[in-house]
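*Asks:* dropping a prediction and its sequence here:
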Amino acid sequence: MKDTVTILDNATGKSVELPIRRGTLGPPAIDIGALQRELGYVTYDPGFLATASCHSAITYIDGEQGVLLYRGYPIEQLAEKSNFLEVAHLLIYGELPSQAQLGEFTNIIRRHTMFNESLKSFYHGFHHDAHPMAIMVGVVGSLSAFYHDSTDIHNPHHRDIAAHRLIAKMPTIAAASYKHSIGEPFMYPRNNLNYCGNLLHMMFSVPAEDYQVDPLAEKALDLIFILHADHEQNASTSTVRLAGSSSADPFACISAGIASLWGPAHGGANEEVLHMLAEIGDSKNIPKYIARAKDKNDSFRLMGFGHRVYKNHDPRARLIRAMCHEVLNKLGNQNNPLFELALKLEEVALQDEYFIERKLYPNVDFYSGIIYKALGIPTNMFTVMFAIARTVGWVAQWMEMIADPNQRIGRPRQVYDGATRRDYAGIKDR
Ligand code: CMC
(Lines give C-alpha, C1' and ligand atoms only; values in the text may rest on other atoms or scores of the structure.)
Protein backbone atom coordinates (compact mmCIF):
# COMPACT_ATOMS: atom_id res chain seq x y z
CA MET A 1 0.00 0.00 0.00
CA LYS A 2 1.30 3.44 -0.93
CA ASP A 3 2.20 5.76 1.91
CA THR A 4 0.19 8.63 0.46
CA VAL A 5 -3.04 10.55 0.89
CA THR A 6 -5.17 11.36 -2.15
CA ILE A 7 -6.97 14.69 -2.26
CA LEU A 8 -9.89 14.89 -4.64
CA ASP A 9 -11.11 18.31 -5.76
CA ASN A 10 -14.86 17.79 -6.09
CA ALA A 11 -15.23 20.99 -8.12
CA THR A 12 -12.89 19.92 -10.96
CA GLY A 13 -12.64 16.17 -10.48
CA LYS A 14 -8.85 16.49 -10.40
CA SER A 15 -6.92 14.70 -7.69
CA VAL A 16 -3.43 14.76 -6.30
CA GLU A 17 -1.49 12.15 -4.38
CA LEU A 18 0.40 13.59 -1.46
CA PRO A 19 3.27 11.69 0.20
CA ILE A 20 3.22 11.09 3.94
CA ARG A 21 6.30 11.94 5.92
CA ARG A 22 6.83 9.79 8.97
CA GLY A 23 9.21 10.72 11.75
CA THR A 24 10.56 8.39 14.43
CA LEU A 25 7.80 9.48 16.87
CA GLY A 26 4.65 11.55 16.69
CA PRO A 27 1.89 11.99 14.13
CA PRO A 28 2.76 11.57 10.46
CA ALA A 29 2.66 14.67 8.24
CA ILE A 30 1.14 15.09 4.80
CA ASP A 31 3.62 16.73 2.45
CA ILE A 32 1.35 19.29 0.77
CA GLY A 33 3.87 20.69 -1.72
CA ALA A 34 2.02 19.24 -4.73
CA LEU A 35 -1.32 20.63 -3.58
CA GLN A 36 -0.43 24.13 -4.70
CA ARG A 37 1.57 23.04 -7.75
CA GLU A 38 -1.06 20.64 -9.10
CA LEU A 39 -4.42 21.86 -7.81
CA GLY A 40 -3.62 25.52 -7.11
CA TYR A 41 -4.72 25.38 -3.47
CA VAL A 42 -2.97 26.73 -0.41
CA THR A 43 -3.79 25.40 3.05
CA TYR A 44 -5.39 27.39 5.86
CA ASP A 45 -4.25 26.74 9.43
CA PRO A 46 -4.27 29.82 11.70
CA GLY A 47 -1.92 29.41 14.63
CA PHE A 48 -0.37 26.38 12.87
CA LEU A 49 -2.40 23.91 14.91
CA ALA A 50 -1.93 21.17 12.34
CA THR A 51 1.17 22.31 10.49
CA ALA A 52 4.68 20.88 10.79
CA SER A 53 7.02 23.63 9.64
CA CYS A 54 10.19 21.54 9.53
CA HIS A 55 11.88 18.23 10.23
CA SER A 56 13.68 18.36 13.57
CA ALA A 57 15.67 15.87 15.64
CA ILE A 58 15.99 18.03 18.74
CA THR A 59 12.90 17.88 20.95
CA TYR A 60 9.86 15.64 21.01
CA ILE A 61 6.62 16.34 22.88
CA ASP A 62 3.69 13.98 23.28
CA GLY A 63 1.07 16.38 24.54
CA GLU A 64 -1.53 13.67 25.24
CA GLN A 65 0.81 11.60 27.38
CA GLY A 66 2.71 14.53 28.92
CA VAL A 67 6.08 13.40 27.52
CA LEU A 68 9.03 15.65 26.77
CA LEU A 69 12.27 14.28 25.28
CA TYR A 70 15.45 16.19 24.45
CA ARG A 71 17.30 14.24 21.73
CA GLY A 72 15.42 11.17 22.97
CA TYR A 73 16.23 11.57 26.68
CA PRO A 74 13.22 12.01 29.02
CA ILE A 75 13.18 15.40 30.71
CA GLU A 76 12.78 13.69 34.10
CA GLN A 77 16.14 11.90 33.70
CA LEU A 78 17.92 15.02 32.53
CA ALA A 79 16.41 17.04 35.39
CA GLU A 80 17.61 14.50 37.93
CA LYS A 81 21.02 13.60 36.53
CA SER A 82 22.28 16.30 34.21
CA ASN A 83 23.09 19.98 34.36
CA PHE A 84 22.28 22.94 32.16
CA LEU A 85 25.51 23.10 30.16
CA GLU A 86 25.51 19.35 29.54
CA VAL A 87 21.92 19.69 28.31
CA ALA A 88 23.00 22.62 26.13
CA HIS A 89 25.67 20.42 24.54
CA LEU A 90 23.12 17.65 24.04
CA LEU A 91 20.58 19.95 22.38
CA ILE A 92 23.08 21.68 20.11
CA TYR A 93 25.35 18.78 19.10
CA GLY A 94 22.89 15.90 19.42
CA GLU A 95 24.73 13.75 21.98
CA LEU A 96 25.59 13.80 25.66
CA PRO A 97 29.22 14.93 25.86
CA SER A 98 32.12 12.81 27.09
CA GLN A 99 33.95 14.15 30.15
CA ALA A 100 36.54 15.78 27.87
CA GLN A 101 33.91 17.28 25.56
CA LEU A 102 31.95 18.67 28.50
CA GLY A 103 35.14 20.16 29.96
CA GLU A 104 35.96 21.80 26.65
CA PHE A 105 32.42 23.09 26.09
CA THR A 106 32.17 24.48 29.64
CA ASN A 107 35.53 26.15 29.22
CA ILE A 108 34.51 27.78 25.95
CA ILE A 109 31.28 29.10 27.45
CA ARG A 110 33.12 30.43 30.50
CA ARG A 111 35.63 32.25 28.33
CA HIS A 112 32.99 34.07 26.31
CA THR A 113 31.05 35.48 29.26
CA MET A 114 32.28 39.08 29.06
CA PHE A 115 30.82 41.45 26.52
CA ASN A 116 32.52 44.25 24.60
CA GLU A 117 32.96 47.23 26.96
CA SER A 118 31.34 49.57 24.44
CA LEU A 119 28.10 47.66 24.88
CA LYS A 120 27.82 49.13 28.38
CA SER A 121 27.05 52.53 26.89
CA PHE A 122 23.96 51.05 25.23
CA TYR A 123 22.38 50.45 28.61
CA HIS A 124 22.65 54.10 29.51
CA GLY A 125 20.44 54.94 26.55
CA PHE A 126 17.59 53.06 28.22
CA HIS A 127 15.46 54.77 30.83
CA HIS A 128 16.08 53.37 34.32
CA ASP A 129 12.59 51.89 34.47
CA ALA A 130 12.77 50.20 31.06
CA HIS A 131 11.49 46.65 31.14
CA PRO A 132 14.55 44.35 31.09
CA MET A 133 13.02 42.38 28.18
CA ALA A 134 13.04 45.59 26.11
CA ILE A 135 16.71 46.02 26.95
CA MET A 136 17.40 42.37 26.06
CA VAL A 137 15.79 42.75 22.63
CA GLY A 138 17.94 45.82 21.91
CA VAL A 139 21.25 44.68 23.35
CA VAL A 140 21.16 41.14 21.93
CA GLY A 141 20.18 42.54 18.53
CA SER A 142 23.16 44.87 18.68
CA LEU A 143 25.66 42.03 19.16
CA SER A 144 26.05 41.62 15.41
CA ALA A 145 27.51 45.12 15.36
CA PHE A 146 30.30 43.89 17.63
CA TYR A 147 31.01 40.33 16.57
CA HIS A 148 31.43 40.41 12.80
CA ASP A 149 33.62 37.33 12.91
CA SER A 150 30.65 35.10 13.73
CA THR A 151 27.95 36.31 11.35
CA ASP A 152 28.78 34.28 8.22
CA ILE A 153 25.97 31.83 8.69
CA HIS A 154 27.21 29.55 5.90
CA ASN A 155 30.46 28.94 7.80
CA PRO A 156 29.95 26.18 10.42
CA HIS A 157 32.79 27.58 12.52
CA HIS A 158 31.12 31.01 12.61
CA ARG A 159 27.86 29.36 13.60
CA ASP A 160 29.60 27.60 16.46
CA ILE A 161 31.22 30.77 17.75
CA ALA A 162 27.93 32.67 17.50
CA ALA A 163 26.21 29.89 19.47
CA HIS A 164 28.89 29.95 22.19
CA ARG A 165 28.81 33.72 22.42
CA LEU A 166 25.06 33.86 22.73
CA ILE A 167 24.86 31.20 25.44
CA ALA A 168 27.81 32.66 27.34
CA LYS A 169 26.85 36.33 27.16
CA MET A 170 23.13 36.04 27.76
CA PRO A 171 23.48 35.91 31.60
CA THR A 172 25.90 38.86 31.51
CA ILE A 173 23.54 40.92 29.35
CA ALA A 174 20.56 39.93 31.51
CA ALA A 175 22.28 40.75 34.81
CA ALA A 176 23.40 44.11 33.41
CA SER A 177 19.81 44.96 32.46
CA TYR A 178 18.81 44.29 36.07
CA LYS A 179 21.72 46.28 37.52
CA HIS A 180 20.83 49.17 35.22
CA SER A 181 17.25 49.16 36.51
CA ILE A 182 18.37 49.44 40.14
CA GLY A 183 21.26 51.81 39.50
CA GLU A 184 24.00 49.49 40.72
CA PRO A 185 27.36 48.94 38.98
CA PHE A 186 27.51 46.10 36.49
CA MET A 187 29.38 43.11 37.86
CA TYR A 188 31.90 41.31 35.68
CA PRO A 189 31.43 37.55 35.33
CA ARG A 190 33.42 35.22 37.55
CA ASN A 191 34.58 32.35 35.44
CA ASN A 192 35.31 30.09 38.42
CA LEU A 193 31.56 29.92 39.08
CA ASN A 194 29.23 27.66 37.17
CA TYR A 195 26.65 28.99 34.72
CA CYS A 196 23.81 29.68 37.14
CA GLY A 197 26.07 30.63 40.06
CA ASN A 198 27.71 33.21 37.83
CA LEU A 199 24.32 34.64 36.88
CA LEU A 200 23.36 34.97 40.55
CA HIS A 201 26.71 36.59 41.28
CA MET A 202 26.29 39.15 38.46
CA MET A 203 22.74 39.95 39.60
CA PHE A 204 23.17 40.10 43.35
CA SER A 205 26.76 40.88 44.25
CA VAL A 206 28.14 44.41 44.58
CA PRO A 207 31.78 45.51 44.29
CA ALA A 208 31.86 46.61 47.93
CA GLU A 209 31.08 43.21 49.46
CA ASP A 210 31.81 39.52 49.19
CA TYR A 211 29.01 37.41 47.82
CA GLN A 212 28.43 33.71 48.37
CA VAL A 213 26.25 31.88 45.88
CA ASP A 214 23.52 29.90 47.65
CA PRO A 215 23.89 26.28 46.42
CA LEU A 216 20.12 25.70 46.55
CA ALA A 217 19.42 28.84 44.51
CA GLU A 218 22.00 27.64 41.97
CA LYS A 219 20.46 24.16 41.88
CA ALA A 220 16.93 25.53 41.46
CA LEU A 221 17.98 27.81 38.62
CA ASP A 222 19.86 25.00 36.92
CA LEU A 223 16.72 22.84 37.05
CA ILE A 224 14.49 25.62 35.69
CA PHE A 225 16.99 26.28 32.91
CA ILE A 226 17.06 22.60 31.93
CA LEU A 227 13.25 22.54 31.83
CA HIS A 228 13.09 25.72 29.74
CA ALA A 229 15.97 24.94 27.39
CA ASP A 230 13.88 23.85 24.41
CA HIS A 231 10.29 23.10 23.54
CA GLU A 232 10.15 22.32 19.82
CA GLN A 233 8.38 24.71 17.42
CA ASN A 234 6.76 27.16 19.86
CA ALA A 235 6.14 30.82 18.94
CA SER A 236 9.59 32.19 19.79
CA THR A 237 11.46 29.24 18.27
CA SER A 238 9.40 29.50 15.10
CA THR A 239 10.19 33.22 15.11
CA VAL A 240 13.91 32.48 15.33
CA ARG A 241 13.61 29.99 12.47
CA LEU A 242 11.54 32.34 10.33
CA ALA A 243 13.91 35.26 10.91
CA GLY A 244 16.88 32.98 10.22
CA SER A 245 15.33 31.55 7.07
CA SER A 246 16.24 34.76 5.24
CA SER A 247 19.90 34.20 6.26
CA ALA A 248 19.69 36.96 8.88
CA ASP A 249 22.59 36.89 11.34
CA PRO A 250 22.17 34.78 14.49
CA PHE A 251 22.14 37.68 16.94
CA ALA A 252 19.28 39.37 15.08
CA CYS A 253 17.38 36.05 15.03
CA ILE A 254 17.75 35.48 18.77
CA SER A 255 16.69 39.07 19.41
CA ALA A 256 13.52 38.35 17.39
CA GLY A 257 12.98 35.23 19.52
CA ILE A 258 13.27 37.28 22.72
CA ALA A 259 10.65 39.73 21.40
CA SER A 260 8.24 36.88 20.71
CA LEU A 261 8.92 35.20 24.04
CA TRP A 262 7.98 38.38 25.90
CA GLY A 263 4.26 38.01 25.13
CA PRO A 264 2.04 37.03 28.10
CA ALA A 265 0.66 34.02 26.22
CA HIS A 266 4.22 32.66 25.94
CA GLY A 267 7.26 33.40 28.16
CA GLY A 268 5.66 36.46 29.71
CA ALA A 269 3.24 34.13 31.50
CA ASN A 270 5.60 33.56 34.46
CA GLU A 271 5.51 37.27 35.24
CA GLU A 272 1.75 37.38 34.71
CA VAL A 273 1.22 34.48 37.16
CA LEU A 274 2.71 36.60 39.92
CA HIS A 275 0.65 39.64 38.95
CA MET A 276 -2.44 37.42 38.90
CA LEU A 277 -1.72 35.91 42.34
CA ALA A 278 -1.16 39.38 43.74
CA GLU A 279 -4.46 40.51 42.24
CA ILE A 280 -6.36 37.51 43.62
CA GLY A 281 -4.73 38.27 46.95
CA ASP A 282 -6.65 35.81 49.10
CA SER A 283 -8.03 32.32 48.62
CA LYS A 284 -11.53 33.59 49.36
CA ASN A 285 -11.37 35.46 46.02
CA ILE A 286 -10.50 32.36 44.00
CA PRO A 287 -14.09 31.52 42.95
CA LYS A 288 -14.53 35.02 41.56
CA TYR A 289 -11.37 34.70 39.42
CA ILE A 290 -12.23 31.19 38.29
CA ALA A 291 -15.60 32.53 37.15
CA ARG A 292 -13.88 35.36 35.29
CA ALA A 293 -11.51 32.89 33.56
CA LYS A 294 -14.55 30.94 32.33
CA ASP A 295 -16.46 33.99 31.14
CA LYS A 296 -16.11 34.40 27.37
CA ASN A 297 -16.86 38.12 27.68
CA ASP A 298 -13.94 38.63 30.03
CA SER A 299 -10.39 38.64 28.67
CA PHE A 300 -9.03 37.32 31.98
CA ARG A 301 -7.36 33.91 31.74
CA LEU A 302 -5.77 31.84 34.46
CA MET A 303 -2.12 32.55 33.75
CA GLY A 304 0.12 29.50 34.02
CA PHE A 305 -2.74 27.24 32.93
CA GLY A 306 -3.20 25.53 29.59
CA HIS A 307 -0.82 24.74 26.80
CA ARG A 308 -1.07 24.48 23.04
CA VAL A 309 0.50 21.01 22.99
CA TYR A 310 0.06 19.51 26.46
CA LYS A 311 -3.46 18.24 26.95
CA ASN A 312 -2.28 16.44 30.05
CA HIS A 313 0.06 17.44 32.89
CA ASP A 314 3.03 19.43 31.66
CA PRO A 315 5.92 17.14 32.72
CA ARG A 316 8.02 20.22 33.46
CA ALA A 317 5.37 21.49 35.87
CA ARG A 318 5.64 18.30 37.98
CA LEU A 319 9.41 18.68 38.32
CA ILE A 320 9.31 22.35 39.08
CA ARG A 321 6.50 21.94 41.60
CA ALA A 322 8.71 19.60 43.64
CA MET A 323 11.57 22.11 43.45
CA CYS A 324 9.20 24.84 44.55
CA HIS A 325 8.53 22.90 47.77
CA GLU A 326 12.25 22.31 48.31
CA VAL A 327 13.14 25.97 47.84
CA LEU A 328 10.36 27.25 50.07
CA ASN A 329 11.15 24.70 52.79
CA LYS A 330 14.85 25.43 52.78
CA LEU A 331 14.45 29.17 52.68
CA GLY A 332 12.24 28.85 55.72
CA ASN A 333 9.13 30.32 54.19
CA GLN A 334 7.15 27.17 53.55
CA ASN A 335 4.14 29.10 54.73
CA ASN A 336 4.65 31.50 51.88
CA PRO A 337 1.16 32.93 51.31
CA LEU A 338 1.73 33.24 47.59
CA PHE A 339 2.57 29.57 47.24
CA GLU A 340 -0.37 28.58 49.39
CA LEU A 341 -2.64 30.67 47.23
CA ALA A 342 -1.15 29.11 44.09
CA LEU A 343 -1.73 25.59 45.46
CA LYS A 344 -5.31 26.41 46.38
CA LEU A 345 -5.96 27.92 42.95
CA GLU A 346 -4.46 24.84 41.31
CA GLU A 347 -6.66 22.57 43.41
CA VAL A 348 -9.85 24.49 42.63
CA ALA A 349 -9.12 24.75 38.88
CA LEU A 350 -8.25 21.07 38.55
CA GLN A 351 -11.66 20.14 39.98
CA ASP A 352 -13.59 22.55 37.81
CA GLU A 353 -15.54 21.11 34.88
CA TYR A 354 -14.45 23.94 32.54
CA PHE A 355 -10.74 23.18 33.06
CA ILE A 356 -11.25 19.38 33.05
CA GLU A 357 -13.20 19.46 29.77
CA ARG A 358 -10.61 21.63 28.04
CA LYS A 359 -7.70 19.69 29.52
CA LEU A 360 -6.20 22.79 31.07
CA TYR A 361 -3.46 21.88 33.54
CA PRO A 362 -0.87 24.07 35.26
CA ASN A 363 2.13 24.62 32.98
CA VAL A 364 5.77 25.15 33.87
CA ASP A 365 5.29 28.88 34.36
CA PHE A 366 2.72 28.43 37.07
CA TYR A 367 5.55 27.52 39.46
CA SER A 368 8.72 29.05 38.01
CA GLY A 369 7.70 32.55 39.10
CA ILE A 370 7.17 31.43 42.69
CA ILE A 371 10.68 29.98 42.81
CA TYR A 372 12.14 33.11 41.25
CA LYS A 373 10.32 35.22 43.79
CA ALA A 374 11.64 33.08 46.66
CA LEU A 375 15.17 33.53 45.27
CA GLY A 376 14.76 37.31 45.31
CA ILE A 377 14.58 37.68 41.55
CA PRO A 378 12.34 40.64 40.69
CA THR A 379 9.16 39.93 38.77
CA ASN A 380 10.16 41.85 35.66
CA MET A 381 13.23 39.60 35.33
CA PHE A 382 11.23 36.34 35.18
CA THR A 383 10.86 36.27 31.40
CA VAL A 384 14.51 37.29 31.06
CA MET A 385 15.45 34.14 32.98
CA PHE A 386 13.34 32.13 30.55
CA ALA A 387 15.12 33.84 27.64
CA ILE A 388 18.55 32.90 29.00
CA ALA A 389 17.59 29.23 29.17
CA ARG A 390 15.69 29.17 25.87
CA THR A 391 18.66 30.70 24.03
CA VAL A 392 20.11 27.19 24.00
CA GLY A 393 17.04 25.82 22.21
CA TRP A 394 16.84 28.76 19.81
CA VAL A 395 20.49 28.33 18.90
CA ALA A 396 20.14 24.55 18.46
CA GLN A 397 17.06 24.98 16.25
CA TRP A 398 18.68 27.77 14.23
CA MET A 399 21.79 25.65 13.65
CA GLU A 400 19.70 22.66 12.63
CA MET A 401 17.74 24.82 10.18
CA ILE A 402 20.81 26.37 8.54
CA ALA A 403 22.42 22.94 8.09
CA ASP A 404 19.23 21.49 6.54
CA PRO A 405 19.72 21.11 2.75
CA ASN A 406 15.95 21.57 2.25
CA GLN A 407 15.91 24.89 4.08
CA ARG A 408 14.20 27.73 2.19
CA ILE A 409 13.07 31.19 3.14
CA GLY A 410 9.87 30.98 5.21
CA ARG A 411 7.04 32.55 3.26
CA PRO A 412 3.51 31.63 4.40
CA ARG A 413 0.58 32.30 2.08
CA GLN A 414 -2.81 33.80 2.99
CA VAL A 415 -6.49 33.74 2.15
CA TYR A 416 -7.09 37.28 0.92
CA ASP A 417 -10.33 38.82 2.22
CA GLY A 418 -9.81 42.44 1.16
CA ALA A 419 -11.32 44.57 -1.57
CA THR A 420 -11.07 43.26 -5.11
CA ARG A 421 -9.52 45.48 -7.81
CA ARG A 422 -10.84 49.05 -7.77
CA ASP A 423 -9.71 52.34 -9.25
CA TYR A 424 -8.13 55.20 -7.37
CA ALA A 425 -10.54 58.10 -6.78
CA GLY A 426 -9.33 61.67 -6.40
CA ILE A 427 -9.85 63.18 -2.92
CA LYS A 428 -12.84 65.28 -4.02
CA ASP A 429 -14.64 62.25 -5.41
CA ARG A 430 -14.48 60.12 -2.22
N1 CMC B 1 -7.71 30.22 31.33
C2 CMC B 1 -9.00 30.08 30.93
N3 CMC B 1 -9.37 29.48 29.79
C4 CMC B 1 -8.41 28.99 28.99
C5 CMC B 1 -7.04 29.10 29.34
C6 CMC B 1 -6.71 29.73 30.55
N7 CMC B 1 -5.42 29.86 30.92
N8 CMC B 1 -6.27 28.54 28.37
C9 CMC B 1 -7.14 28.09 27.44
N10 CMC B 1 -8.42 28.37 27.82
C11 CMC B 1 -9.66 27.97 27.11
C12 CMC B 1 -9.91 28.86 25.91
O13 CMC B 1 -10.70 29.98 26.24
C14 CMC B 1 -10.61 27.91 24.97
O15 CMC B 1 -11.93 27.76 25.41
P16 CMC B 1 -13.11 27.51 24.34
O17 CMC B 1 -12.78 26.19 23.70
O18 CMC B 1 -14.37 27.49 25.14
O19 CMC B 1 -13.04 28.65 23.36
C20 CMC B 1 -9.92 26.57 25.23
O21 CMC B 1 -9.45 26.65 26.59
C22 CMC B 1 -8.74 26.30 24.30
O23 CMC B 1 -7.83 27.38 24.41
P24 CMC B 1 -7.03 28.01 23.19
O25 CMC B 1 -6.79 29.46 23.45
O26 CMC B 1 -7.70 27.65 21.91
O27 CMC B 1 -5.69 27.21 23.29
P28 CMC B 1 -4.33 27.61 22.61
O29 CMC B 1 -3.62 26.34 22.36
O30 CMC B 1 -4.54 28.53 21.47
O31 CMC B 1 -3.61 28.46 23.75
C32 CMC B 1 -2.25 29.06 25.60
C33 CMC B 1 -2.64 27.97 24.61
C34 CMC B 1 -1.03 28.62 26.40
C35 CMC B 1 -1.88 30.36 24.85
C36 CMC B 1 -3.46 29.32 26.55
O37 CMC B 1 -3.76 28.14 27.26
C38 CMC B 1 -3.21 30.48 27.51
O39 CMC B 1 -3.43 31.63 27.16
N40 CMC B 1 -2.73 30.17 28.76
C41 CMC B 1 -2.39 31.21 29.71
C42 CMC B 1 -1.01 31.76 29.38
C43 CMC B 1 0.10 30.80 29.76
O44 CMC B 1 0.13 30.26 30.86
N45 CMC B 1 1.08 30.66 28.85
C46 CMC B 1 2.28 29.87 29.11
C47 CMC B 1 2.38 28.65 28.23
S48 CMC B 1 3.68 27.55 28.82
C49 CMC B 1 5.13 28.43 28.60
C50 CMC B 1 5.47 28.60 27.19
O51 CMC B 1 5.70 27.59 26.50
O52 CMC B 1 5.57 29.75 26.74
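*Replies:* The structure has been received and is ready for your questions.
*Asks:* need the contact list for residue 342.
*Replies:* 273, 277, 366, 367, 370 (CB atoms under 8 Å, 6 or more residues apart in numbering). From N, CA and C alone the C-beta is placed, and that goes for glycine too.
*Asks:* max pairwise distance over these: which two?
*Replies:* 277 and 367 (11.4 Å; CB to CB).
*Asks:* those two: which has the busier surroundings?
*Replies:* residue 367 (31 against 22; other CB atoms under 10 Å).
*Asks:* now tell me what touches the helix or strand hosting that one from outside.
*Replies:* Assessed by DSSP states H and E, residue 367 sits inside helix 364-374. Contact partners of helix 364-374, identified using CB under 8 Å, 6+ apart, comprise 220, 224, 227-228, 267, 269-271, 273-274, 303-305, 314, 316-317, 320-321, 323-324, 327-328, 331, 333, 336, 338-339, 342, 346, 379, 381-382, 385-386.
*Asks:* and the residue of the stretch 151-300 of the chain found nearest the ligand, how many neighbours does it have?
*Replies:* Proximity of the stretch 151-300 of the chain to the ligand (CB to the nearest ligand atom) peaks at residue 269, 3.5 Å away. Residue 269: 25 surrounding residues under other CB under 10 Å.
*Asks:* for it, what are its contacts?
*Replies:* Residue 269 makes contact with 303, 304, 363, 365, according to CB under 8 Å, 6+ apart.
*Asks:* let me see the ranges of the helices in the stretch 1-150 of the chain.
*Replies:* 33-34, 75-81, 84-93, 99-111, 119-124, 132-142 (DSSP state H, counting those that start in this stretch).
*Asks:* got the ones you listed as TSV, with mean neighbour count, mean pLDDT and distance to the ligand columns?
*Replies:* Output for the helices of the stretch 1-150 of the chain, formatted as TSV (neighbours: other CB atoms under 10 Å; pLDDT from 0 to 100; distance: least, CB to the nearest ligand atom, whole Å):
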stretch	mean neighbour count	mean pLDDT	distance to the ligand
helix 33-34	12	92	27
helix 75-81	17	97	13
helix 84-93	23	98	16
helix 99-111	14	96	24
helix 119-124	14	90	27
helix 132-142	22	95	13
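*Asks:* can you put these in JSON lines and add distance to residue 394?
*Replies:* Output for the helices of the stretch 1-150 of the chain, formatted as JSON lines (distance: least, CB to CB, whole Å):
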{"stretch": "helix 33-34", "distance to residue 394": "27"}
{"stretch": "helix 75-81", "distance to residue 394": "18"}
{"stretch": "helix 84-93", "distance to residue 394": "10"}
{"stretch": "helix 99-111", "distance to residue 394": "16"}
{"stretch": "helix 119-124", "distance to residue 394": "20"}
{"stretch": "helix 132-142", "distance to residue 394": "11"}
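*Asks:* ok so, going back, count of neighbours near the closest residue to the residue of the stretch 151-300 of the chain closest to the ligand other than its chain neighbours?
*Replies:* Excluding the flanking residues, the one nearest residue 269 by CB to CB, 6 or more residues apart in numbering is residue 365, at 4.3 Å. Residue 365 has 28 neighbours, counted by other CB under 10 Å.
*Asks:* what score does residue 365 have for pLDDT?
*Replies:* pLDDT for residue 365: 87.
*Asks:* how much space between it and residue 173?
*Replies:* 22 Å (CB to CB, to the nearest Å).
*Asks:* swap in residue 161?
*Replies:* 17 Å.
*Asks:* between these two, which one's more packed in?
*Replies:* Between residue 161 and residue 173, counted using other CB under 10 Å, the more crowded position is residue 173 (25 against 19).
*Asks:* residues in the stretch 101-250 of the chain within reach of the ligand, list them.
*Replies:* 231, 234 (CB under 6 Å from any ligand atom).
*Asks:* great, nothing more from me.
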